[in-house]
Each structure stands twice: as C-alpha cells, then as structure tokens.
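**Student:** I need the structure of the sequence given here:
(one chain, ligands or ions: 1)
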Amino acid sequence: MSQYQAVKGTRDIFPEEATQWKYVERVVHTLASLYGFSEIRVPVFEYTELFQRGIGSTTDIVGKEMFSFQPDPKGRSLTLRPEMTAGVMRAALQKNLLSLAPVHKLYYIGELFRKERPQAGRQRQFSQFGSELIGVSSPAAVAEVITLMMHVFESLGLRGLKLRINTLGDGADRARYREALQAYFAPFHEILDDASKERLEKNPLRILDSKNPAMQELVDGAPRLYDYLNGSSLQDFEKVLFYLAERNIAYDIDHRLVRGLDYYSHTAFEVTSSELGAQDAIGGGGRYDGLARELGSTADVPASGFAVGMERLLITMEKQGLFAALNSPGPQVSIVLQQQDLLDHALQIAWRLRKAGIKTEIDLAARSMKAQMREANRIRASYALFVGTAEYTTGNYTLKNLATSEQRTLSLDAVLQILHEPAARELLE
Ligand code: AMP
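**Tutor:** Alright, predicted model coming up:
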C-alpha cells in the first residue's frame, strides 16, 4: 500500500464505476442536445472576485468554502470553481454571445471544489451537470430547463424524486417582503442564532434557509413571500406551473424554498431524493435575471439554469438498482498465445485487428494458455484467436466462438471479414 491516501473529501472512480459515469454522461449529452443545448467547458479556476460577485459574499460558499490561492505575491487571488453558473455567465459576457443570437442554451458537466466538511454525499471535489439558458427569461424558458432536468432523471429510470418549486417574485416584491421579515424577526432578536442575527440585517431571506433545528419553529411562523407578490409575479408563477402540469411533471409548491441572493427572481426549484440521507438535495436551480449585471454587464442578460450533483445522482441510481444491466461489452477478440516467443507476432496481429476497429485483448503477463483462456472468458470476449507455431507458419489462425465453442481455421483477412460481418457482429451483442 502506498503511504499516500486520497485527500479527504475526494475519491477515485475505478473502471466499473467509470462505466456508470459514462452512461449518465451519455444520457446528459443526448438529452441536452435533444433540447438544443450545446456544451460549454469553462476553466477550473477563475478570479476570486468572480465568485464573490457571482455567488454573493453572504453565502457559505463564498464565506468559508472556497479553495482560493494566490499564484504570486502580487497576483490576484484565484479560486477553484465552487459552482458553474458564474463561470459560464462570465464566458458568455466575455465572448459577447448575445450579439450573435438573442438566446444561448448551454450545458456542462464538470468538477467543482468546496471546502465543506466531508460526509456521505458531501465531498470537497464533486461534479455537476447543468444547463444555463441565457438571454431570455420567462416562464417558458425556466420551464424548459426544468423539463430537461426532469427528462434526464426519467430517462435514467429514477424513482421517488421530489420536485419542490417556489417563486421569489421580483425585486419590488422582495423589498416589501424583506421589510416584513425584519419586522417579524426583530422582536425575537435575542433567540436568533448568530448566523441569523447577521442575516437579519444583510439578508433576512436567508434566515429561512437556516438548517438549525432550534430556529425551525420561528422560521415556520414567518410571513410568506407568496403573500407579497404582485399580480404579474403571480401570473408568471402560474404559467410555469401550467407548463409543468402540461408535461406531466409532478411538483410540490414549497413557500420556504428561497434563494437568498438578490439576482435570483421568480422561479426557484430543488429536487430531493428519498434515497439520500441528510444531504438529500440532488439538484436545483432557478432564474437569475440580475447575475449578469452583478458581474459588470451594462445590459440586462436574464437567464435560468439548473445544476445536478453527479455523485448523489449516482448514489440514488445505485440504490435503485439502475446499473444492474450495465455491463461494458467484452472485447470481440482475445488473442491466446501458445508460446511466448510468438508474442511479437501476436502483438502485430492485435495491432492489425485494432486498426480495423475490432476490440482486441492480448495477454502481456506471459500467462499460461489455460490462464489466458480463463481470462478471455472472465472478460467476456466473444472470440478467442489462437496464435501458435502452426498458425505462424501457415498464416491461418484458429478463431473460436466462445459462446458456441465452434471453431474455424482462417487467414487473417478472413478473420477480419468475419468480425466485420453484421451477422457476426450481432452475435457479439
Ligand atoms: P448547489 O450548487 O449548492 O445548489 O448544489 C447543486 C447540487 O450539487 C446539489 O443538489 C448536490 O446534488 C450537489 N452538491 C452540492 N455540494 C456538494 C458537495 N459538497 N458534494 C457533493 N455534491 C454536492
């Protein structure tokens, strides 16, 4: 064993699990493309200010969870991305994407870094996939991203997920609500925990986010933002719900679901999985019409998006047995070498098969023929191709179908042909 261990809060993904990741990623790529979203890949680190502005300095992420570093004494502080939206919006503004077309639909899959206390379902390096619809903001746009997200879950076969949805109204609604919250919490100042006391002044909406059980009763009695919405905000929300209903997407309205940042407006949503423990959120998102201005844009660049945690999604799928049928296909051919002095010749054959697009395995550990056959069966190879002295001298090789045990002696060209024949290929499926 090495004296080194993976850093706490990070983990290795070994081949079997990597197959599960690739499967989920393939579904994400396929469905994102079905909805007209194109992939964007942004850098893993950005200037720290981007996240301070883009996520908000009163949030836990910016307050205590960022991995920041200074590359040189005079350099600007950099931070490993703790979420994707700020980077994607930065990229879109930097490239002036909206001058090319009024709407851009982007999606991503990538790693994020947060200095959280590691526990089940909470890592310091984790991954998300998500989408950002940039340029318009409307019930139709936000319904589009929710629908894509739910379509991915459905395609993966996930059961028992809960979509909770709420509206945060517009800026004026929230200004009225903020005052109402401050008026409600002020008499309880003494019993507020320290975090809530701080939030009372700066951002009382975030008190509603409190995970402290001691605060729950107080939070439950607080006024609801819903009661402070103006007519057009209400209509906006109704329309989002209408789209979801039309598409058979079940939801629960949750008036406590808030995003405590001013650039969020109208719809906010979260999906939870009953298969996860305390960290049961699998994804979420909303509309963030004010983010671009926060990042220095002089024009309004409205947007909606979602982000889903890959690890929690995979944990849920594993618990629901959704990977059971997922086996990466074995090689088409496993070369079985009768004598080690023919290794170079056999390697040349392997190379020719692979150049012809035939998935080929060959033993590099100088194992006995028996052991090579055992290995060919273990890796579920469809055919064994024997290479021995007779084959070497005649140029004819024995190809054995491992499913039927039928075998034929053929030239290499004939072998290549058989393995390319559709009928032979079907046999391999
Ligand atoms: P957020 O960006 O905080 O809204 O998170 C969106 C999703 O990312 C969550 O619902 C989780 O599934 C996932 N997630 C967030 N933080 C972590 C973490 N530290 N470890 C694993 N997954 C996470």
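**Student:** from here on, contacts and neighbour counts on C-alpha atoms
**Tutor:** OK.
**Student:** Just give the nearest non-adjacent residue to residue 287, would you?
**Tutor:** Closest residue in space to residue 287, ignoring its immediate chain neighbours: residue 304 at 4.2 Å, by CA to CA, 6 or more residues apart in numbering.
**Student:** my guess is that neighbour meets residue 291, correct?
**Tutor:** No. Here residue 304 does not reach residue 291: they are 10.3 Å apart, not a contact under CA atoms under 8 Å.
**Student:** Give me the more crowded residue out of these two.
**Tutor:** Neighbour totals were compared for residue 304 and residue 291, and residue 304 leads with 30 against 25 (other CA atoms under 10 Å).
**Student:** Let me know the secondary structure of the more buried one.
**Tutor:** Secondary structure state of residue 304, per DSSP: H, G, I helix; E, B strand; the rest coil, is strand.
**Student:** what sits against it?
**Tutor:** By CA atoms under 8 Å, 6 or more residues apart in numbering, the residues touching residue 304 are 132, 133, 134, 137, 141, 142, 145, 285, 286, 287, 288, 289.
**Student:** Sticking with the residue lying closest to the second one once chain neighbours are set aside, tell me its helix or strand.
**Tutor:** Which is residue 133. With sequence-adjacent residues excluded and distances taken as CA to CA, 6+ apart, residue 133 is closest to residue 105, at 4.5 Å. In the assignment (DSSP states H and E), residue 105 maps to strand 104-113.
**Student:** Quick one: neighbours of residue 179, just the number.
**Tutor:** For residue 179, the count of nearby residues is 11 (other CA under 10 Å).
**Student:** On the three-state scheme, the closest residue to residue 251 other than its chain neighbours is what?
**Tutor:** Nearest non-adjacent residue to residue 251, counting by CA to CA, 6+ apart: residue 163, 4.9 Å away. Following three-state DSSP, residue 163 is assigned to strand.
**Student:** Next: residue 11.
**Tutor:** Classified using three-state DSSP, residue 11 is coil.
**Student:** List phi and psi for it.
**Tutor:** Backbone torsions of residue 11, given as degrees, to the nearest 10, read phi -150, psi 160.
**Student:** could you point out which element follows the top helix by length along the chain?
**Tutor:** The helix that spans the most residues within the chain, counting by DSSP state H, is helix 15-34. Going down the chain from helix 15-34, the next helix or strand is strand 38-39, by DSSP H and E.
**Student:** show me where the stretch 301-429 of the chain has strands.
**Tutor:** For the stretch 301-429 of the chain, applying DSSP state E, counting those that start in this stretch gives strands covering 303-309, 333-337, 360-362, 383-387, 396-401, 407-411.
**Student:** Quick one: closest of the ones you listed to the ligand.
**Tutor:** Proximity to the ligand (CA to the nearest ligand atom) singles out strand 303-309 among those, at 3.3 Å.
**Student:** CA atoms only for that closest one, dumped as CSV, please.
**Tutor:** Output of strand 303-309 as CSV, limited to C-alpha atoms (Å, rounded to 0.1, in the frame of the first residue of the first chain):
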residue,chain,number,x,y,z
ALA,A,303,-31.0,33.6,-17.5
SER,A,304,-32.3,30.4,-16.0
GLY,A,305,-30.5,27.2,-15.1
PHE,A,306,-30.2,24.1,-13.1
ALA,A,307,-27.3,22.1,-11.6
VAL,A,308,-27.5,18.4,-10.5
GLY,A,309,-24.9,16.7,-8.3
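**Student:** could you check the angle strand 104-113 makes with that strand?
**Tutor:** Orientation of strand 303-309 against strand 104-113 (axes from the mean of the first three to the mean of the last three CA atoms, to 10 degrees) gives an angle of 40 degrees.
**Student:** what separates strand 303-309 from the chain centre, distance-wise?
**Tutor:** Centroid displacement of strand 303-309 relative to its chain, using CA atoms, centre = their mean, to the nearest Å, is 10 Å.
**Student:** Partner strands of that strand, with direction?
**Tutor:** strand 125-134 (antiparallel), strand 281-287 (antiparallel) (DSSP bridges).
**Student:** any chance of those strands in CSV, plus mean neighbour count, distance to the ligand and mean pLDDT?
**Tutor:** As requested, the strands paired with strand 303-309 are exported to CSV (neighbours: other CA atoms under 10 Å; distance: least, CA to the nearest ligand atom, whole Å; pLDDT from 0 to 100):
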stretch, mean neighbour count, distance to the ligand, mean pLDDT
strand 125-134, 23, 5, 98
strand 281-287, 24, 3, 95
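**Student:** Tabulate those strands (CSV), appending distance to residue 14.
**Tutor:** Listed next are the strands paired with strand 303-309 as CSV, based on distance: least, CA to CA, whole Å:
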stretch, distance to residue 14
strand 125-134, 15
strand 281-287, 22
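**Student:** Quickly list what the residue nearest to residue 287 is bridged to.
**Tutor:** Beta-bridge partners, per DSSP bridges, of residue 304: residue 133, residue 287.
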